[in-house]
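Colleague: Sequence and predicted structure, then a few things I'm wondering about:
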Amino acid sequence: MTRFATYWRVWRLTAANALQIAFVNRGTNLFFLLGKAFRFFMGLLFLLLIKRTVSTVGGYSSDESDDL
Amino acid sequence: MWRFRQFLGSVMSLSVWSVLFTSQTDLFGYNRSEMISYIFVAALLQGLILASALHGLAQRIYSGEISTLLLKPISLFSYFAVEEIADKARNVFFTIIESGILIVLFQPQIILPPSEVFALFLLWALGGVLLNFLFSLLFGTLGFWSPETWGPKFLFFIFVDFSAGKLFPLNILPDWLQSILFFTPFPYLTFMQTQLFLGKIPVDEIAFHSTILLIWIILFTIANKYLWQKGLRSYAAQGQ
């Protein structure tokens, strides 16, 4: 358990340092957010294309999955 | 962690497409076997083409770390090439193991091309490796002039993930978006090779695409040569 706590502290420190790289200056911030937004919209586009083309997924229609 | 992410990506893709094909026999011009083969070939090509040891090159240049490499009696690019080959060998090795696990889990039917197409596929894959190497070197030159190297590289990677066909095949996209993407070199980083493997490129178009791939390689070689010469002229480091 003590070892796990040490691992957690080391991970938290390295993760915080890695995150700081992404927010080190305004330009990097912008590129980071643009990248994340781009990935999100591409995922959304993929889902929209699937929804438009496929009527049922795993036996559920789009309306049925909305009700879940 | 990067390899684990790639593995999870493949598991997710295989699961999603397997579910989608339970109620369909044909989706976006692919049948089940073709789509599963696409995912496996794309995963292998990611390990071979998109994996790179040069992600931190710009930072290495900006921090002055390459000074010691410049002093060594070996060409800088040969050194980078060897680093890249070693990294790719490691990635391909793990991709093969991961693919073995996925084959056991999903028991897919993988389509294999005729031997002459496979030979051309290997050649195109080599072209893709070269193109990605040139991209990495080109991004590295950012380090000569700017400390901001992480952001552009991150955005580039996200864009490549999508435009190389890593997330899904590009031909499921609307025609206008495909037309834009095919004006860029990115489809030659994975997507075109998978299409060749699956036999989805007409024979009369193979020479055309081979020429385009070659033109991109030549253009990026020229751009690299110019920018590296310019960058090294303005490079200065001390205290290394």
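Modeller: Received it, and whenever you're ready, just let me know what you need. Residues are numbered from 1 along each chain as shown, chains lettered A, B, ... in the order given.
Colleague: what's the closest non-adjacent residue to whichever residue of chain B sits closest to chain A?
Modeller: As assessed by C-beta to the nearest C-beta, chain A sits closest to B:Gly151 within chain B, at 3.0 Å. From N, CA and C alone the C-beta is placed, and that goes for glycine too. The shortest distance from B:Gly151 to any non-neighbouring residue, by C-beta to C-beta, 6 or more residues apart in numbering or on different chains, is to A:Phe31 (3.0 Å).
Colleague: Which pLDDT value does the model give residue 13?
Modeller: All of this is about chain A. pLDDT recorded at A:Leu13 is 94.
Colleague: wrong chain, I was asking about chain B
Modeller: pLDDT, B:Ser13: 83.
Colleague: in whichever strand or helix holds B:Asp204, what's buried?
Modeller: Counting by DSSP states H and E, the element that carries B:Asp204 is helix B:203-234. For helix B:203-234, the neighbour count (16 or more other C-beta atoms under 10 Å in any protein chain shown) marks B:209-210, B:213, B:216-217, B:220, B:224, B:227-228, B:231 as buried.
Colleague: Same check on stretch B:160-177?
Modeller: Neighbour-count burial for stretch B:160-177 flags B:160-170, B:172-173 (criterion: 16+ other C-beta under 10 Å).
Colleague: how far is that stretch from where the chain is centred?
Modeller: Computed by C-alpha atoms, centre = their mean, to the nearest Å, the chain-centroid distance of stretch B:160-177 equals 14 Å.
Colleague: Please name the residues that touch B:Phe197.
Modeller: Residues near B:Phe197 by C-beta atoms under 8 Å, 6 or more residues apart in numbering or on different chains: B:37, B:41, B:111, B:113, B:117-118, B:121.
Colleague: Could you report the neighbour count for residue 52?
Modeller: Picked chain A for this. Neighbour count for A:Arg52, taken as other C-beta atoms under 10 Å in any protein chain shown: 8.
Colleague: that answer is for a different chain, and I need it for chain B
Modeller: The number of residues packed near B:Ser52 is 22, by other C-beta under 10 Å.
Colleague: Confirm for me that it is in contact with B:Asp87.
Modeller: Yes: between B:Ser52 and B:Asp87 there is a contact under C-beta atoms under 8 Å: 6.6 Å.
Colleague: so where do the strands sit in chain A?
Modeller: With strands called from DSSP state E, chain A shows them at A:56-57, A:60-61.
Colleague: Mind listing the residues bridging to B:Leu27?
Modeller: Note on B:Leu27: beta-bridge partners B:Tyr30, judged by DSSP bridges.
Colleague: Name the helix or strand for the nearest residue to B:Asn224 once chain neighbours are set aside, please.
Modeller: Spatial nearest neighbour of B:Asn224, excluding adjacent residues (C-beta to C-beta, 6+ apart): B:Leu137 at 5.1 Å. Assigned by DSSP H and E, B:Leu137 belongs to helix B:115-140.
Colleague: B:Ile39 - nearest residue in space that isn't next to it in sequence?
Modeller: Of all residues not flanking B:Ile39 in the chain, B:Ser13 sits nearest, at 4.9 Å (C-beta to C-beta, 6+ apart).
Colleague: what separates the one you found from A:Phe46, distance-wise?
Modeller: 11 Å (C-beta to C-beta, to the nearest Å).
Colleague: Who has more neighbours out of those two?
Modeller: B:Ser13 (21 against 16).
Colleague: which ones are touching the more buried one?
Modeller: B:Ser13 is in contact with B:39, B:167-168, counting by C-beta under 8 Å, 6+ apart.
Colleague: and chain A, which residues reach chain B?
Modeller: A:21-22, A:24-25, A:27-32, A:34-36, A:38-39, A:42-43, A:45-46, A:49-50, A:53-59 (C-beta under 8 Å from any C-beta of the partner chain).
Colleague: Great, nothing more from me.
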